[in-house]
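Undergrad: Got a sequence here, can you model it:
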Amino acid sequence: MSLDTSTLYLVATMIAAMLGGMLLIFGKQENIPALEWWGAAYLLGAASVGLCTIAGDSLGVTLSLALNAVGFIACGMVWNASRLFHGRKPNLPGMVFGAIAWIPIALAFPPGALAIRITIGAGIVAFYAALTAGELWTERRKPLQKRWVAILVPVMHGFVLMLPILLGHLMRPYNAKLSGNIWITGFAIELVLYAVGTVFIIFMLVSERAVTLHKTAASMDPLTRLLNRRGFVEATSRVIEREARAGRPVAVLIFDIDHFKSINDRFGHPAGDEVLILFATVVVSTLRISDLSGRIGGEEFAALLPCSLEEAVVVAERVRSAFAASGIVIESGPVDTTVSVGVAGGPAGTELEVLLASADTALYQAKRSGRNRVEAAEELPLSLESWRRKTAGLSAPVRQAPATT
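TA: Numbering: from 1, shown residues only. Alright, predicted model coming up:
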């Protein structure tokens with residue numbers, strides 16, 4: 001069965017235009033700029049391909065080159081869509097660079113130099129395809145085996161968008177000879193399938209991004225932007241497993257802002273929220289990048305440090321001191337900002353529940369001893385059951401860390 005390639009290209013163009021409109025509308029509804037750019041690129045590319053396919057040589061050299069330039073802009077828009085999708089700003093000069101460079105370069109060659117123009121056009125498309133793939137390559141939140149499909153899509157998109165135009169120039173002079181070419185017919189069919197498949201991949205990326213955002217929101221405290229209890233437990237469990245494989249100890253810090261209820265009662269909840277945000281800022285700026293922190297209760301925070309108990313005590317004292325020195329002044333007067341800290345450490349593989357329970361006991365001791373201080377529990381045994389047997393009927397032994405009260 002013989003298939004007319006021009007008809008197939010027109011079908012692909014109509015499908016691309018329809019899907020581009022869908023992406024554009026969906027992007028506006030969901031406020032996803034990347035989808036709007038992708039949709040506009042589909043529409044622009046479809047218009048360019050469609051006019052070249054329908055009008056053919058009647059367009060003239062100048063208008064034909066201009067339509068090709070529009071196709072190059074569509075490739076640049078795909079590149080910018082990938083930038084927006086990963087939170088980067090669009091590069092407008094780069095988007096139109098290919099089109100601006102194309103026209104004078106193409107006009108510099110005689111009308112019969114079709115092969116040279118095809119080579120130049122293919123080079124521009126390859127340039128934008130490489131830029132788009134590079135944007136997705138720098139997305140390090142996924143392992144390579146999960147990113148290779150997303151990297152391949154924009155590369156194929158750039159070539160598929162421009163090759164119908166380039167092939168159109170080749171096919172028109174030799175239409176009778178090429179109409180039966182199996183490769184060109186197969187390519188035309190692939191273009192129809194690709195126009196649909198690409199949109200499914202785009203929506204897969206958007207859906208995955210939405211799931212990630214929901215997971216992040218579910219594990220994040222909206223006020224302080226630290227991990228909530230659920231997020232903290234999940235994240236620290238992974239760190240503990242990693243450190244256990246390496247045979248390294250871990251430590252947990254539990255912070256409780258002193259007299260927080262009285263701050264709310266005296267100054268109001270907005271002042272209390274400001275104190276919570278301030279403490280979260282102090283914790284993030286004081287801890288190392290390898291440390292994890294979270295808000296696990298009202299005015300209670302926690303941190304996991306991949307280090308020894310002695311090092312954790314030093315860090316805890318540093319947080320306590322920084323918070324005490326960062327007082328807040330509101331209209332009603334200064335607000336005291338002090339915190340009590342309980343520290344617990346254990347050998348590689350110590351369970352999180354053990355560390356939290358022991359640090360909580362040390363925190364209670366710090367509160368009972370006058371607040372605004374750091375207390376550390378003794379070195380922990382490995383398992384929760386061992387710790388429970390050791391502390392059954394007794395308060396966990398504590399020792400006071402060097403701290404300024």
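
Undergrad: And for Ile289, the neighbour number?
TA: The local packing of Ile289 (other C-beta atoms under 10 Å) involves 5 other residues. The C-beta positions use only the backbone N, C-alpha and C, and glycine is treated the same way.

Undergrad: repeat for Ser207
TA: Neighbourhood size, Ser207 [other C-beta under 10 Å]: 10.

Undergrad: Can you check the pLDDT for it?
TA: In this prediction, Ser207 carries a pLDDT score of 72.

Undergrad: Next, the contact list for it, please.
TA: When contacts are counted by C-beta atoms under 8 Å, 6 or more residues apart in numbering, Ser207 touches no other residue.

Undergrad: could you measure it against Ser82, distance?
TA: 17 Å (C-beta to C-beta, to the nearest Å).

Undergrad: Restricting to C-alpha, output the helix or strand Glu36 falls within in PDB.
TA: Per DSSP states H and E, Glu36 falls inside helix 33-55. As requested, the backbone C-alpha atoms of helix 33-55 are provided in PDB (Å, rounded to 0.1, in the frame of the first residue of the first chain):
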ATOM      1  CA  PRO A  33       4.700  28.400  32.100                       C
ATOM      2  CA  ALA A  34       6.800  25.500  30.600                       C
ATOM      3  CA  LEU A  35       3.700  23.900  29.200                       C
ATOM      4  CA  GLU A  36       2.600  27.200  27.700                       C
ATOM      5  CA  TRP A  37       6.000  27.500  26.000                       C
ATOM      6  CA  TRP A  38       5.800  23.900  24.800                       C
ATOM      7  CA  GLY A  39       2.300  24.500  23.400                       C
ATOM      8  CA  ALA A  40       3.300  27.700  21.600                       C
ATOM      9  CA  ALA A  41       6.300  25.900  20.100                       C
ATOM     10  CA  TYR A  42       4.000  23.100  18.800                       C
ATOM     11  CA  LEU A  43       1.700  25.700  17.200                       C
ATOM     12  CA  LEU A  44       4.500  27.700  15.700                       C
ATOM     13  CA  GLY A  45       6.300  24.600  14.400                       C
ATOM     14  CA  ALA A  46       3.000  23.200  13.000                       C
ATOM     15  CA  ALA A  47       2.300  26.500  11.200                       C
ATOM     16  CA  SER A  48       5.700  26.500   9.700                       C
ATOM     17  CA  VAL A  49       5.600  22.900   8.500                       C
ATOM     18  CA  GLY A  50       2.000  23.200   7.300                       C
ATOM     19  CA  LEU A  51       2.600  26.200   5.100                       C
ATOM     20  CA  CYS A  52       5.800  24.800   3.700                       C
ATOM     21  CA  THR A  53       4.100  21.500   2.800                       C
ATOM     22  CA  ILE A  54       1.000  23.100   1.300                       C
ATOM     23  CA  ALA A  55       2.500  26.100  -0.500                       C
END
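
Undergrad: helices or strands up against that helix?
TA: If you count contacts as 3 or more C-beta pairs under 8 Å, 6 or more residues apart in numbering; DSSP states H and E, helix 33-55 packs onto helix 5-30, helix 60-85, helix 144-171, helix 182-218.

Undergrad: any idea which of those helices scores lowest on pLDDT?
TA: Ranked by mean pLDDT, the helices and strands packed on helix 33-55 bottom out at helix 144-171, with a mean of 54.
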